[in-house]
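Visitor: Starting from these lines, generate the structure:
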Amino acid sequence: MGPKRGPQRTGHRAGSKLPRNNSRTPPTKGLARVYSFHYAEKTVATKRTGPKLSVCILSPHPLVLSEFERLLNKPQFKVSLKHLESTLAPDLRNLDPPTAQVYVVDAHAARPATGALLANLMERFPEARLIVVGEQHTDATSFSLLRLGVKGLLTYVEAREQLIRALPLVAAGGFWVPRAVLSGFVDSILTGQSRRLKSDAVANLSRREQEVMDSLLENLSNKEIASKLNIAERTVKFHVSNLLSKFGVRRRADLILLTFQRRMAAV
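Guide: Presented below is the predicted three-dimensional model:
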């Protein structure tokens, strides 16, 4: 009998190693990880895709309209253009603009005309947001526009760099206004409120009402105020009710807070 032969090996000599995979292709498990990562990334990107923000540009200048249209030629925006053929206030007051979430108004026209256009937009589209673009914005002009309800103020130079970022913020209800301008505007409102409190409410207080007010600031109860002023407790309630009505508040705490604010403003 001849010598026994071991098991037949095909493809490789006995004792030889399997050939190395010199390619850089990751193993199957690695491919699964890579595929899962890209799939997750694609899923996130799909979730972020939402409806486009509708923007209407209003200007009497075709070049301004074309420049803004080019600037906002992005997937996230749906832009419509409205050429203002007239810059007269009566015509702008009756203008019928397209519907949009945000209106960008070129304030090149005179202030009364711009004001008429803004009033028109706010009456027709109460939920819309307004951005005004102009050569420059003084404090007086800015305060006036903000009081009208404008949420964004930009110069032509600023608009080239900031309008794309300003639009979604303003659409969400925020402000795109220089910090110094916004701070000055808030101060003007607070100052105006304190002046109205001093000129209107305080001027109409009787001597007894003023005495009751002073007692409220001492955190006295109605019974204690009645004893201090030597009047009936129901009379105190009557004066407190009149004070709440004159100051336009419903609670004693609000009345006390307003009074403290008034006195601090007068210092």
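Visitor: wait, is Leu81 part of a helix?
Guide: No: secondary structure of Leu81 (DSSP: H, G, I helix; E, B strand; the rest coil): strand, not part of a helix.
Visitor: Okay, the nearest residue to it once chain neighbours are set aside and Val55: tell me how far apart.
Guide: Once flanking residues are discounted, Leu81 sits nearest to Leu65: 4.7 Å by CB to CB, 6 or more residues apart in numbering. Yep, even glycine has a C-beta here, placed from its N, CA and C like the rest. Note on Leu65: its distance to Val55, by CB to CB, to the nearest Å, is 12 Å.
Visitor: so where's the stretch 51-200 of the chain uncertain?
Guide: Residue ranges of the stretch 51-200 of the chain with pLDDT under 70: 187-200.
Visitor: what do you get if the cut-off is 50, keeping everything else the same?
Guide: Residue ranges of the stretch 51-200 of the chain with pLDDT under 50: 194-195, 197-200.
Visitor: could you say which helix or strand contains Val212?
Guide: Assigned by DSSP states H and E, Val212 belongs to helix 207-217.
Visitor: what comes up buried for that helix?
Guide: Glu209, Glu211, Val212, Met213, Ser215, Leu216 (16 or more other CB atoms under 10 Å).
Visitor: From Glu123, how far out is the second one?
Guide: Distance, Glu211 to Glu123, using CB to CB: 47 Å.
Visitor: just the last one next, same as before
Guide: Distance, Leu216 to Glu123, using CB to CB: 42 Å.
Visitor: Check Phe143 too.
Guide: From Phe143 across to Glu123, the span is 21 Å (CB to CB).
Visitor: higher neighbour count, those two?
Guide: In this view Phe143 and Glu123 are compared by other CB atoms under 10 Å, and Phe143 has more residues nearby, 16 against 9.
Visitor: what about Ser66, which helix or strand?
Guide: Under the criterion of DSSP H and E, Ser66 resides in helix 62-71.
Visitor: And Tyr103, by the same measure?
Guide: strand 102-106.
Visitor: Packing partners of whatever helix or strand comes next after that strand?
Guide: Note on strand 102-106: by DSSP H and E, the next helix or strand toward the C-terminus is helix 111-124. In terms of contact count using 3 or more CB pairs under 8 Å, 6 or more residues apart in numbering; DSSP states H and E, helix 111-124 is assigned the packing partners helix 89-93, strand 102-106, strand 129-134, helix 139-148.
Visitor: and helix 111-124, which residues are buried?
Guide: Buried residues in helix 111-124, defined by neighbour count with 16+ other CB under 10 Å: Ala113, Thr114, Gly115, Ala116, Leu117, Leu118, Asn120, Leu121, Met122.
Visitor: Help me confirm that Leu244 comes into contact with Ala253.
Guide: No: with contact defined as CB atoms under 8 Å, Leu244 does not reach Ala253; the gap is 10.8 Å.
Visitor: Comparing those two, which residue is more hemmed in?
Guide: Counted by other CB under 10 Å, Leu244 and Ala253 do not tie: Leu244 has more neighbours, with 15 against 10.
Visitor: For the more buried one, list the residues it contacts.
Guide: Arg250, Arg251, Arg252, Leu255 (CB atoms under 8 Å, 6 or more residues apart in numbering).
Visitor: what about it, which SS state?
Guide: Put simply, Leu244 is helix when judged by three-state DSSP.
Visitor: quick revisit: what's the separation between the residue nearest to Leu81 and Ile231?
Guide: For Leu65, the distance to Ile231 (CB to CB) stands at 70 Å.
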